[in-house]
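# predicted model and sequence follow; I will ask about them next.
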Amino acid sequence: MLSLILIIIAASFFTGIIIRVKSLASGRKGPGVFQPLKDVSRLFKKGVVYSETTSFVFQIAPTIYFSSVVMAMLVVPFGQSKGIISFNGDFIFFAYVLALGKFFSIISAMDTGSSFEGMGASREALYSMFAEPAFFILMGSLALLTGHTSFQEMFAALHIGSYISYALAILGAFVLMMVAMVENSRMPIDDPKTHLELTMVHEVMILDNSGFDLGLILTAGYLKFALYGALVVNLFIGVFPYQYSIPMFFVIQLVLASGVGLIESFMARFRMSHNAQFIFVLTSVSLLIFFGVLLILGKFA
Amino acid sequence: MNYTTIVNKQTISVAEIPEVGYYEFFGLNTGFLTGAPERHCVNYFGYPVDSHIKLICCIADDQTHQIYLSSCLVKASDTLDSFTAKNFNFEKFEREICENFGINYTDHPWLKPVRYAHNRADQSKTIANYPFFSIESDELHEVGVGPIHAGIIEPGHFRFICNGEQILHLEIQLGYQHRGIEQQFLEKKKLLQRSTIAESIAGDTVVGHTTAFSQVWESICGIQVSHDIEFSRTLALELERMAVHTGDLSAVCTDIAYQLGSSVFGRLRTPIINFMQEWCGNRLSKGLIRPGRNPFPFSPELANRLTGVLDIYEPHFLEMNVQLFQLPSALSRFERTGVVSYDDVLSVGTVGMAARMSGLNRDIRSSHPFGLYPEIAHEPIIKHHGDVYSRVQIRKAEVKQSMQYIRNLIQNVPEVSENEASFESPKPNSFTLSLVEGWRGEICHCTITDSQGELILYKVKDPSFHNWLALALAVRNNEISDFPICNKSFNLSYSGHDL
């Protein structure tokens, strides 16, 4: 329960912080931190326009996408406090419930019949597919290290015993954050600000969505960022008491958001064909974690 | 002699242009361009004479600084052999002649409409049924972009044939911006009306096009312009070049999602165009240049202001360039993206930056100098790779070069000449050709008068006319997601092409 509330709070400012950091870095004042929230609340008041070429898939997809993110939020724990749902192997549930949402957003983009959206959908599918091994090797290594297969038990057991696990946690944080960037279509994979359909990944898929549906998709995006941020926090807080772990949660989320803002301000987007290479690098970092775990467990002896 | 020779801004009588038979005309002009990279076709057009069409071909020679003119009389119902089959320089011109007069070509490889001119010969050809090239294949897909532009700039339709992410072919269909500029020049009789039409040919090349128009007008009326007028025009051309190049650098950075470059270059463009506002009351220099007079003389006070503006501009511009050209992620987007080879730019006859990026020296400022350029002794900036990086580098170097020219020019601000030029009417039965190097490249304006000295033809050629084809060649075998950056690195004009 605690994690759900914290994620919602973090989601309310995460994207706002990114935009604010980018504005400040380019010498502008920028909108308020809660501007993205105001934008979606405006969208929620609007009706929806459906293209005549779309079918029911296009109409149900935003809701499924949104609910998949909410379901994924339910299994994320906070330190020793369990998520609302917790069971053995829930990290697999987490990954595939998000994948279900993504699947629907992809087929809804295909449903519009637009050549742009088809291109965006194929790119999104490709990048998610490449990002998947990175996530599973990371979580699998943690499961191997701790001997548990649910998020809460894994994270709680992670820091008992050795400090070397902090090194693994830092690598893990990097992988998770980069997976978050891929999943949320941020720089350097994708440029969320671009107006050029031909270079878009995620943005082009939602070009036909409007009003309430668009609001749902944007909200899901904000939640997703905070969701991955919460996983990163979990790598570090272990069994700290709440008076330390809750401030740590917000500090880490703030640092991540500012980091994303700074990356987006001071570098150019990758060439599309380099994205696949970049995402594969995440898999190799995950493998590094895996070998680290094997070393700790003495499997190489 | 089957041709005659003029220089830039020279007026001659139409009767002095030798008229030859079509096959001699054909052999002469294609022969001029064979194996001669220093020559290119600056204009080739037709106009009705009695019941015939008179074709005039203007070939510029960059080494001798001359322009070779020849003409030929044909009938609209004729079917001719096309120059294009010998040399692609003529491709667009022949399409235009075919579109305007219905002249048919036997072996033109790409005889499609150019801009759907209001007074085209075949009104049944409309923009809605443009004959796109297509390939039947299950493995390829077509992507159509436009005519409404994502950044809401100007309309144009781009049709890609792609294999996955890779572009195999791009076809660019324009004409949505056609306003009938050339016809308006003939219909509007007042000089002020004509000057404002010239300003509106392409909104980003106001100085370039108005200078070309003014030179045509002054030449055909026999007006000698004073030094201070030439000074203002040269200065304004260089300032326009600086402002647009800086804006383009910003736009290129936006397209690669490099926010710092986008905002810094964007900010740097403003003081330059604001200075134009101080000088002439318009940020895009509208109203600054008028034939035969100098409505806004440049004063020593303005020179001081401009020095101040440049002193602030220069360090920021240089620093931002260091940042941009050291950023690995930016370089990886620029280098080897959108390459057009030397052979290709030569064969399609690109002009300006789109030629200099691939090692082809095309710069009217040095090859057919006008204004104060003979004194400046301009050295064109040439790059050799023909990719986005070369085009960005040219912009950087040209801004620096222009800045140096401007600083030198404003050392000696000329006295304003008191005597207002008297307005003569154009000489009858004359032909004039004027070439100007705008920031985008060579601008060519031609005019012909009748026996009363009324204009019977006004012909405009914007550098975009040829260069759009270079863009289509540049994106071949590139990723479709690199199209925006290729497009922006050329930054071609839709309205300049569509007229």
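All right, it came through fine.
# only C-alpha atoms from now on, for both contacts and neighbour counts.
Fine.
# chain A contacts on the stretch 151-300 of chain B?
Counting by C-alpha under 8 Å from any C-alpha of the partner chain, the residues of the stretch 151-300 of chain B lying close to chain A are B:151, B:253-260, B:263-264.
# which among those residues count as buried?
B:253-260, B:263-264 (16 or more other C-alpha atoms under 10 Å in any protein chain shown).
# the residues of the stretch 151-300 of chain B next to chain A into CSV, with extra columns for pLDDT and secondary structure?
CSV is the format used below for these (pLDDT from 0 to 100; DSSP: H, G, I helix; E, B strand; the rest coil):
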residue, pLDDT, secondary structure
B:Gly151, 68, coil
B:Cys253, 93, helix
B:Thr254, 91, helix
B:Asp255, 90, helix
B:Ile256, 90, coil
B:Ala257, 89, coil
B:Tyr258, 91, coil
B:Gln259, 91, helix
B:Leu260, 92, helix
B:Ser263, 92, helix
B:Val264, 94, helix
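# ok, so of these, who is nearest B:Gly287?
B:Gly151 (28.0 Å; C-alpha to C-alpha).
# interface residues of the stretch 1-150 of chain A facing chain B?
Within the stretch 1-150 of chain A, the positions near chain B by C-alpha under 8 Å from any C-alpha are A:25-26, A:115-116.
# can you pull the contacts of B:Tyr458?
Counting by C-alpha atoms under 8 Å, 6 or more residues apart in numbering or on different chains, B:Tyr458 touches B:182-183, B:185-186, B:445-448.
# ok, now with 6 Å
Residues in contact with B:Tyr458 (C-alpha atoms under 6 Å, 6 or more residues apart in numbering or on different chains) are B:182, B:446-447.
# please tell me how far the residue nearest to B:Leu310 when sequence neighbours are not counted sits from B:His245.
Leaving aside its sequence neighbours, B:Leu310 sits nearest to B:Met403 (C-alpha to C-alpha, 6 or more residues apart in numbering or on different chains; 7.6 Å). Look at B:Met403 and B:His245: by C-alpha to C-alpha, to the nearest Å, they are 12 Å apart.
# so those two - more neighbours on which side?
Between B:Met403 and B:His245, counting by other C-alpha atoms under 10 Å in any protein chain shown, B:His245 is the more crowded of the two (25 against 20).
# okay, that one and B:Pro426: tell me how far apart.
Separation of B:His245 from B:Pro426 (C-alpha to C-alpha): 36 Å.
# could you pull up phi and psi at B:Leu433?
As for B:Leu433, its main-chain torsions (degrees, to the nearest 10) stand at phi -130, psi 130.
# what is the burial count for it?
By other C-alpha under 10 Å, 28 other residues sit near B:Leu433.
# that one and B:Cys446 touch, don't they?
Yes. The criterion here is C-alpha atoms under 6 Å, and B:Leu433 meets it with B:Cys446 at 4.4 Å.
# for the residue positioned nearest the centre of chain B, give me its contacts.
The residue lying closest to the centre of chain B (C-alpha atoms, centre = their mean) is B:Pro463, at 2.0 Å. Neighbouring residues of B:Pro463 by C-alpha under 6 Å, 6+ apart: B:441-443.
# just the pLDDT for it.
B:Pro463 is assigned a pLDDT of 92 by the prediction.
# now it: how far from B:Trp439?
With C-alpha to C-alpha as the criterion, B:Pro463 and B:Trp439 are 9 Å apart.
# then B:Gln326?
Per C-alpha to C-alpha, B:Gln326 is found 26 Å from B:Trp439.
# more neighbours: which of these two?
Per other C-alpha under 10 Å, whichever of B:Gln326 and B:Trp439 has more neighbours is B:Trp439, with 25 against 11.
# before we move on, what SS does the more buried one have?
Following DSSP: H, G, I helix; E, B strand; the rest coil, we place B:Trp439 in the coil state.
# that one - nearest residue in space that isn't next to it in sequence?
Closest to B:Trp439 by C-alpha to C-alpha, 6+ apart is B:Arg241, at 4.7 Å.
# and if you look at A:Ile217?
The nearest residue in space to A:Ile217 (C-alpha to C-alpha, 6+ apart) is A:Pro62, at 5.9 Å.
# thought A:Ser108 was touching A:Phe56?
No. The pair formed by A:Ser108 and A:Phe56 falls short of the contact definition of C-alpha under 6 Å, at 9.0 Å.
# more neighbours: the two, which one.
Comparing A:Ser108 with A:Phe56 by other C-alpha under 10 Å, the one with more neighbours is A:Ser108, at 27 against 10.
# where does pLDDT dip in the stretch 1-150 of chain B?
Applying pLDDT under 70 to the stretch 1-150 of chain B flags residues B:150.
# strands of that one, start to end?
B:4-6, B:11-13, B:39-49, B:52-61, B:66-74, B:79-80, B:104-105, B:141-145 (DSSP state E, counting those that start in this stretch).
# chain A: which of the ones you listed is closest?
strand B:141-145 (5.7 Å; C-alpha to the nearest C-alpha).
# circling back: three-state assignment of the residue nearest to B:Trp439?
Per three-state DSSP, B:Arg241 ends up helix.
# my guess is B:Met357 contacts B:Pro380. True?
No. Contact criterion C-alpha under 6 Å: B:Met357 and B:Pro380 do not qualify, at 10.9 Å.
# so after the helix or strand containing B:Ala354, what's the next helix or strand?
Here B:Ala354 is covered by helix B:353-356, with elements defined by DSSP states H and E. Downstream of helix B:353-356, the first helix or strand assigned by DSSP H and E is helix B:364-367.
# got the CA positions of that following helix in CSV?
Taking C-alpha atoms only, helix B:364-367 is exported to CSV below (Å, rounded to 0.1, in the frame of the first residue of the first chain):
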residue,chain,number,x,y,z
ILE,B,364,28.1,33.8,-57.9
ARG,B,365,29.9,36.1,-55.5
SER,B,366,33.2,34.9,-57.0
SER,B,367,32.1,33.6,-60.5
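# tell me the mean pLDDT for stretch A:2-20?
Mean pLDDT, stretch A:2-20: 92.
# quick check: closest non-adjacent residue to B:Leu327.
Among residues not flanking B:Leu327 along the chain, A:Met267 sits closest, at 7.3 Å (C-alpha to C-alpha, 6+ apart).
# that's a helix at B:Val392, yeah?
Yes. The assignment for B:Val392, made by three-state DSSP, places it in a helix.
# next, count neighbours for it.
21.
# from B:Ala354, how far off is it?
For B:Val392 relative to B:Ala354 (C-alpha to C-alpha), the value is 11 Å.
# and the one helix or strand A:Leu294 maps to with chain B, contact?
Under the criterion of DSSP H and E, A:Leu294 resides in helix A:272-296. No. Helix A:272-296 does not reach chain B (C-alpha under 6 Å from any C-alpha of the partner chain); its nearest approach is 6.7 Å.
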